[in-house]
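In: Give me a model of this one.
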Amino acid sequence: MSKPIIAVQGAGLGGTIAAFEIKAAVGSKAEVVVVNQGDTFHFVPSNPWVAVRWRDRAAIEVDLPPVMKKKGIGFMGVGAKRVHPGENRLELNDGQSLAYDYLVIATGPELAFDEIEGLGPHGGFTQSICHVDHAEKAAAAFETFAQNPGPIVVGAVQGASCYGPAYEFAMILDTELRRRKLRDRVPMTFVTAEPYIGHLGLDGVGDTKGLLESEMRDRHIKWITNARVVKAEAGVMDVEEVADDGSVKAHHELPFAFSMMLPAFRGVEAIRGIEGLTNPRGFVLVDKNQRNAAFPNVFGLGVAVAIPPVGKTPVPVGVPKTGFMIESMVTAIARNLLAIIEGRPADAEATWNAICLADFGDGGVAFMAQPQIPPRNVNWSAEGRWVHLAKVGFEKYFLGKVRRGEGEPFYEKLALDLIGARKLKT
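Out: Residues are numbered from 1 along each chain as shown. Coordinates of the predicted model:
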């Protein structure tokens, strides 16, 4: 009798650790096969550093095929063209198909630059740090900018669901410009769909509003909240500031010589528009056990999963999926797959807690939300240089785990140790 095949679609932060942890859980009871677009893992949280050349891409990459082989995991770097859940089949980009018994969708998002005229690094006028390719392009653009400095506009557009990196990059730019003795020549504006600074798609965590507002004042960064980006042109961004009732409160034409704006996300084309599997934006519908109701042998995790907004806001604001939250989804899926294979109830649930270390180059802000959506049992935030040092250490620790093919949970232990140590000092 052949072993069941567990296909993992995507090998980013979620898919890679899912493959390791699932294989460790099921052992010889099932085959695990990863399908990814390309052979390389990138540590996405380091992209803001790549964009100012504090890192080069080689330092944050891992070649996956040899690692997967060492762990007894199959790997296909051709990518999936379309999921056919009714047929239990992945249609691959090279014309082949992969039949599966269970599918774990961990694709991450498609970046919806096309939803705003002039947005994005491909034919647009703004940069991105969502992918290492984008970060390298942003680094080149920043070097050109540094030869003739001018205004900078940084932020996240309407519908975005990842705000931490926008704050990180604004502060990192400020730090780098001060190091180059250029900061006095660069007016900076932070533009965000959030209803207030520090909302983060989570209605704030601890005093993120006060901490981030204070940080931006100290760094002379102006901000516009409830912002809807109409379009970007060469050297100018058209932004509407929206009132609480949805009306346009003010109109801003912001000049820029350099801009990085995080886009909205949507589900990737391979899964978008499949009835019962995804919502209208193409994100995977899952229950508390990370399973899809229409196709119970399909699981979803990470940014590919549909999570409703925390509450109504004047401008659409998405909910982030942080590393700790993603890791808890991975653990639940690994346990549930083993349970199914062994004929037991698949009742493991993810915790959906949030822990984030936001680096500012010479400091940073950390926050913990348990659970991620309020009301919470833990609602904590703090700041200091220790956050920068913690994230540098965390990058090294995480990449080491991936290179060794170790998938057991580590976000929670590392983050709680770091934050717990900090609490003891305050």
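
In: first to last residue in stretch 278-288, what's the distance?
Out: Start-to-end span of stretch 278-288 (CA to CA, to the nearest Å) is 16 Å.

In: what's in contact with it?
Out: 105, 110, 265-269, 271-273, 276-277, 292-294, 298-300, 304-307, 349-350 (CB atoms under 8 Å, 6 or more residues apart in numbering). (Glycine included, C-beta is placed from N, CA and C.)

In: Drop anything exposed from those residues.
Out: Neighbour-count burial (16 or more other CB atoms under 10 Å) applied to the contacts of stretch 278-288 gives 105, 110, 265-268, 271-272, 277, 292, 298-300, 304-307, 350.

In: What separation is there between the nearest residue to residue 291 once chain neighbours are set aside and residue 48?
Out: Once flanking residues are discounted, residue 291 sits nearest to residue 299: 5.6 Å by CB to CB, 6 or more residues apart in numbering. As for residue 299, its distance to residue 48 is 30 Å (criterion: CB to CB, to the nearest Å).

In: Over to residue 36?
Out: 23 Å.

In: Over to residue 385?
Out: 17 Å.

In: who has more neighbours, the two?
Out: Per other CB atoms under 10 Å, whichever of residue 385 and residue 48 has more neighbours is residue 48, with 28 against 11.

In: So that one sits against residue 359, correct?
Out: Yes. Taking contacts as CB atoms under 8 Å, residue 48 lies within contact range of residue 359: 7.4 Å.

In: quick one: common contacting residues for those two?
Out: 168, 172.

In: what's across from residue 238 in the sheet?
Out: Assessed by DSSP bridges, residue 238 has beta-bridge partners residue 231, residue 253.

In: Tally up the residues packed near it, please.
Out: 17.

In: Contact partners for it?
Out: 229, 230, 231, 232, 251, 252, 253.

In: Can you give me the neighbour number for the fourth one?
Out: A count of neighbours around residue 232, defined by other CB under 10 Å, yields 24.

In: swap in residue 335?
Out: Residue 335, neighbours per other CB under 10 Å, totals 19.

In: right, and it touches residue 24 too?
Out: No. Assessed by CB under 8 Å, residue 335 is found out of contact with residue 24, at 11.2 Å.

In: shaky segments in this structure?
Out: Residues of the chain that meet the criterion pLDDT under 70 lie in 1, 408-426.

In: Show me it divided up by domain.
Out: 5-111+266-351, 113-264 (automatic domain parsing).

In: wait, isn't residue 171 in contact with residue 212?
Out: No. Here residue 171 does not reach residue 212: they are 9.2 Å apart, not a contact under CB under 8 Å.

In: any common contacting residues for the two?
Out: Counting by CB under 8 Å, 6+ apart, nothing touches both residue 171 and residue 212.

In: on that earlier part again, of the contacts of residue 238 - the most surrounded one?
Out: That'd be residue 229 among the contacts of residue 238, by other CB under 10 Å, with 29 neighbours.

In: Could you check what's spatially nearest to that residue, not counting adjacent residues?
Out: Closest to residue 229 by CB to CB, 6+ apart is residue 157, at 4.6 Å.

In: residues contacting that neighbour?
Out: 116, 119, 191, 193, 227, 228, 229, 261, 262, 263, 264.
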